[in-house]
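Trainee: Predicted model and sequence below, questions to follow.
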Amino acid sequence: MIQQLISRGGYGEMYLGMFNGQQETRKSKANRITFLTEVKLVAVLEHPRIVHLVGIAWDSPNDLCALMEFMDDGDLRAHLNEYDREHRPIGFTYEKVMIALHVAHALMYLHSLDPPVIHRDLKSKNILLTDFGVSLGRADRTMTAAVGASLWMAPEVMMGQRYDDKADIFSFGIVLSELNTHAMPYTHAKSRDGSGSRLPDTAILQLVVAGDDFSQGGPYSLMQLGLLCVFVDPKLRPSAPEVLYHLQMALKDM
């Protein structure tokens, strides 16, 4: 039973509904080929930190929808905006590191598949929360395309070069900066020409690489991990298992 419209965009529409007594989200896709490609990929993913596909339904070949697990506590970006409005202290807390740890678990699973699955659109908006923890949400578009928002996008992806799972690690480093500062990546960066306008994405990317968007709050090792994740050279970035190890060590010290 469909209860309400949650969101609408170029990808289609998303509704909240009930199925077998459980709240689920119903995702209607505008592009049938994109929809089928996404469903084939998501159907084989089984991990507690990845949003679960319940099933698919259709009234006709041109009216397809997917039934997805509903994450009742919203997305990470909304929570960080709330932290900012409430003037909560910036820096890494135990709660934030646990969120990062759950995301790292999901990435390690995706990257360990054969062949590896690259999310390609990892950002705070796609990290969904619930009372039971964190689940990595699907991007609005399929993982088989070069998608992503430029503020989270690895340099090699932005420049149209070949890339691998280390592109997700770069995006994870940007998410770490969001957890640390509560702000969108470089949202306060302004042009130096006196106009006060926002910097172009290429200039912001240089700031990302320079690591200028981490505060000193919380373990220093986590700021260092974030900087390692956003190295320009993907070979120098840690793997998902290495990220997971660093986070586990940081939690022991908190």
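Mentor: Thanks, I have the structure now. Numbering: from 1, shown residues only.

Trainee: which stretches of the stretch 51-200 of the chain form strands?
Mentor: 53-60, 63-69, 127-130, 133-136 (DSSP state E, counting those that start in this stretch).

Trainee: Tell me which stretches of the stretch 51-200 of the chain form helices.
Mentor: Applying DSSP state H, counting those that start in this stretch to the stretch 51-200 of the chain gives helices spanning 76-85, 94-112, 155-158, 166-181.

Trainee: Among these, show the one with the smallest mean pLDDT.
Mentor: Among the helices of the stretch 51-200 of the chain, helix 155-158 carries the lowest mean pLDDT, a mean of 84.

Trainee: thinking again about what came up before, of all the strands of the stretch 51-200 of the chain, which lies closest to Ala104?
Mentor: When these are compared by Cβ to Cβ, strand 133-136 sits nearest Ala104, at 9.9 Å. Where C-beta positions appear, they are placed from N, C-alpha and C, glycine not excepted.

Trainee: which of the helices of the stretch 51-200 of the chain is buried the deepest?
Mentor: Neighbour counts (mean count of other Cβ atoms under 10 Å) averaged over each of the helices of the stretch 51-200 of the chain peak at helix 166-181, with a mean of 25.

Trainee: Which elements pack onto that one?
Mentor: When contacts are defined as 3 or more Cβ pairs under 8 Å, 6 or more residues apart in numbering; DSSP states H and E, helix 166-181 packs onto helix 76-85, helix 94-112, helix 155-158, helix 220-229, helix 240-252.

Trainee: let's see 10 Å
Mentor: Applying 3 or more Cβ pairs under 10 Å, 6 or more residues apart in numbering; DSSP states H and E, one finds that helix 166-181 contacts helix 76-85, helix 94-112, strand 127-130, helix 155-158, helix 201-210, helix 220-229, helix 240-252.

Trainee: and these as TSV, adding distance to Asn180?
Mentor: Converted to TSV, the helices and strands packed on helix 166-181 look like this (distance: least, Cβ to Cβ, whole Å):
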stretch	distance to Asn180
helix 76-85	10
helix 94-112	8
strand 127-130	15
helix 155-158	21
helix 201-210	13
helix 220-229	7
helix 240-252	12
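
Trainee: These: which one's closest to Phe70?
Mentor: Ranking the helices and strands packed on helix 166-181 by proximity to Phe70 (Cβ to Cβ) places strand 127-130 first, at 8.7 Å.

Trainee: Looking at the closest one now, give me its mean pLDDT.
Mentor: The pLDDT scores in strand 127-130 average 79.

Trainee: I'd like to know which elements that strand is packed against.
Mentor: strand 63-69, helix 76-85, helix 94-112, strand 133-136, helix 166-181.

Trainee: The first one packs against which elements?
Mentor: If contacts are counted by 3+ Cβ pairs under 10 Å, 6+ apart, strand 63-69 sits against strand 12-19, strand 22-29, helix 32-43, strand 53-60, strand 127-130.

Trainee: any idea of the mean pLDDT in that strand?
Mentor: What strand 63-69 shows for mean pLDDT is 73.

Trainee: What strands line up against it, and which way round?
Mentor: strand 22-29 (antiparallel), strand 53-60 (antiparallel) (DSSP bridges).

Trainee: weakest of these by average pLDDT?
Mentor: strand 22-29 - the lowest mean pLDDT of those, at a mean of 49.

Trainee: among the helices and strands packed on helix 166-181, which is nearest Leu176?
Mentor: Leu176 sits nearest to helix 220-229 of all these, at 4.0 Å, using Cβ to Cβ.

Trainee: and that closest one, what's its mean pLDDT?
Mentor: Per-residue scores along helix 220-229 average to 91.

Trainee: what about stretch 156-171, how long is it end to end?
Mentor: Chord length of stretch 156-171, first to last residue, is 12 Å (Cα to Cα, to the nearest Å).
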